[in-house]
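Colleague: Let's see this in three dimensions:
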Amino acid sequence: MISGTISECRSVSFSLICPTLMADLHTTYLALGSNLENRMYYLQKAVFLLHQKAGHIEKISPVYESPAWGFDSHPFLNNCLCLKTNLSPQALLEVVLEIESNLGRERKIIGSYQARTIDIDILYYDKLVLTTDALTIPHPQMEQRRFVLKPLADIAPQVYHPALNKDSRNLLQECKDHSTLRKTNVKLYRDFQELFTALNFVAIEGNIGAGKTSLANKIAEDFSAKLVLERFADNPFLPKFYEDQARYAFPLEMSFMADRYQQFTEDTSQFDLFKNFMVSDYDVYKSLIFAKITLQPDEYLLYRKVFKFMYQEVKKPRLYVYLYQTTERLLDNIKKRGRTYEQQIAPDYLEKINRGYFDFIKSYPEQQTLILDVSDLDFVNSKADYDFLLDQLVRFTVAQPI
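Modeller: This is a model prediction of the structure:
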């Protein structure tokens with residue numbers, strides 16, 4: 001029952017913003033379900049949007065898989081959450097319906113059961129008992145649905161049904177629905193802040209001019225991350241390398257490796273109490289990727305021996321994001337940023353780098369790697385494009401639980 005485009009979401013408890021508002025907040029419990037397409041993605045996106053538009057999510061239950069209830073269809077993923085809101089019941093319903101619509105929920109026949117991308121039901125609103133043409137609280141027949149009562153009992157075992165005067169545990173024990181529930185390892189997060197914190201370390205990689213530093217900067221600023229940037233502007237061999245690659249390739253790559261290893265180990269080993277996670281615009285493995293392209297075979301073999309010894313000691317990213325851009329777009333970006341020593345970079349050199357990255361990604365299938373084609377995106381100046389990238393990150397991470 002919900003949907004919408006992912007935008008910047010920041011989680012701040014209402015009580016921290018203004019304690020006097022807490023008296024006006026209502027405690028609500030909602031049930032979420034999905035049985036179409038990427039079920040985990042729709043659940044996660046619905047949670048983000050509820051936290052953004054309806055109030056502060058205090059608790060989120062585990063996610064359970066259950067058979068479709070009342071009709072033949074694909075299995076559902078279900079969970080419950082506790083939401084503190086200052087919205088009225090009707091206003092909360094309107095937000096719920098808006099989210100469902102944005103996430104592709106189509107209501108066709110009133111009173112019939114249908115497969116859905118998302119379904120959001122208001123179970124409780126304080127101790128209110130309400131019946132209108134549009135809304136019934138508590139949710140009717142919730143006591144007959146194990147897929148609702150089990151996740152509800154996980155987060156609200158002693159919350160009483162205001163009409164039946166029984167708490168969630170008693171309702172679950174007495175429920176006549178004997179459907180089999182399977183607890184999943186899906187973890188849902190209130191907002192991007194929590195998701196990135198769980199990831200702990202995200203590396204943004206890409207070719208020269210792909211935009212990795214720009215994206216790392218935006219994520220760090222928006223979600224309170226420690227920013228780890230590659231520092232290479234003062235490398236004395238770089239301008240010389242672009243003038244005479246054969247002569248300066250080996251000292252350049254050895255210099256880069258030493259600098260990256262020292263910088264990376266220092267930056268990633270120092271914990272910042274005021275930051276929630278780390279995001280970098282490079283991964284140390286790029287040293288081997290570039291070296292394979294630029295060095296002679298005998299030089300590369302020597303280089304690889306030294307590199308593998310160092311690589312064992314560095315911190316590995318929990319999520320590796322590779323930004324792909326076409327060679328034409330890369331050359332245009334390089335021209336625009338105006339670094340003199342980069343202006344003579346040949347197209348075939350950039351294509352070799354792209355192939356090197358893809359070979360690396362293929363050789364590490366166990367690594368969580370998200371490849372994003374950003375050739376037609378401007379995530380620096382377009383919020384819609386930036387939100388699209390964040391949305392792709394959510395789709396990927398929920399499909400591979402952290």
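Colleague: hey, let's count contacts and neighbours off CA atoms from now on
Modeller: Will do.
Colleague: which residue packs closest to the residue lying farthest from the centre of the chain, ignoring adjacent ones?
Modeller: Most distant from the centre of the chain: residue 247, at 43.6 Å, with distances by CA atoms, centre = their mean. Excluding the flanking residues, the one nearest residue 247 by CA to CA, 6 or more residues apart in numbering is residue 241, at 7.4 Å.
Colleague: can you tell me the helix or strand for the one you found?
Modeller: Under the criterion of DSSP states H and E, residue 241 resides in helix 237-243.
Colleague: Any chance you could list what contacts the lengthiest helix in the chain?
Modeller: Across the chain, the longest stretch assigned as helix under DSSP state H is helix 245-269. Outside helix 245-269, the residues that touch it by CA atoms under 8 Å, 6 or more residues apart in numbering are 228, 230, 232, 235, 237-238, 240-241, 278, 284, 287, 290-291, 294-295, 299, 303, 307, 310, 314-315.
Colleague: out of those, which are buried?
Modeller: 228, 230, 237-238, 241, 278, 284, 287, 290-291, 294-295, 303, 307, 314 (16 or more other CA atoms under 10 Å).
Colleague: Run a quick neighbour tally on residue 354.
Modeller: 20 (other CA atoms under 10 Å).
Colleague: Among the buried ones among the contacts of helix 245-269, which are located in strands?
Modeller: Counting by DSSP state E, the part of the buried ones among the contacts of helix 245-269 found in strands is 228, 278.
Colleague: List just the nearest of the buried ones among the contacts of helix 245-269 to residue 213.
Modeller: Nearest to residue 213 among the buried ones among the contacts of helix 245-269, counting by CA to CA, is residue 230 at 8.6 Å.
Colleague: isn't that closest one right up against residue 286?
Modeller: No - using CA atoms under 8 Å, residue 230 makes no contact with residue 286, being 11.1 Å away.
Colleague: how many neighbours does residue 374 have?
Modeller: Number of residues near residue 374 (other CA under 10 Å) recorded here: 18.
Colleague: ok, it touching residue 327?
Modeller: No - between residue 374 and residue 327 there is no contact under CA under 8 Å: 11.9 Å.
Colleague: ranges for the helices of this structure?
Modeller: Counting by DSSP H, the helices of the chain are 14-17, 39-53, 89-102, 146-155, 168-174, 192-199, 212-223, 237-243, 245-269, 286-294, 297-311, 327-337, 347-363, 383-399.
Colleague: With distance to residue 122 and mean pLDDT as added columns, please give the ones you listed in JSON lines.
Modeller: Listed next are those as JSON lines, based on distance: least, CA to CA, whole Å; pLDDT from 0 to 100:
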{"stretch": "helix 14-17", "distance to residue 122": "21", "mean pLDDT": "40"}
{"stretch": "helix 39-53", "distance to residue 122": "12", "mean pLDDT": "97"}
{"stretch": "helix 89-102", "distance to residue 122": "8", "mean pLDDT": "97"}
{"stretch": "helix 146-155", "distance to residue 122": "11", "mean pLDDT": "98"}
{"stretch": "helix 168-174", "distance to residue 122": "15", "mean pLDDT": "98"}
{"stretch": "helix 192-199", "distance to residue 122": "24", "mean pLDDT": "94"}
{"stretch": "helix 212-223", "distance to residue 122": "30", "mean pLDDT": "96"}
{"stretch": "helix 237-243", "distance to residue 122": "61", "mean pLDDT": "84"}
{"stretch": "helix 245-269", "distance to residue 122": "44", "mean pLDDT": "90"}
{"stretch": "helix 286-294", "distance to residue 122": "49", "mean pLDDT": "91"}
{"stretch": "helix 297-311", "distance to residue 122": "51", "mean pLDDT": "94"}
{"stretch": "helix 327-337", "distance to residue 122": "48", "mean pLDDT": "93"}
{"stretch": "helix 347-363", "distance to residue 122": "44", "mean pLDDT": "93"}
{"stretch": "helix 383-399", "distance to residue 122": "24", "mean pLDDT": "94"}
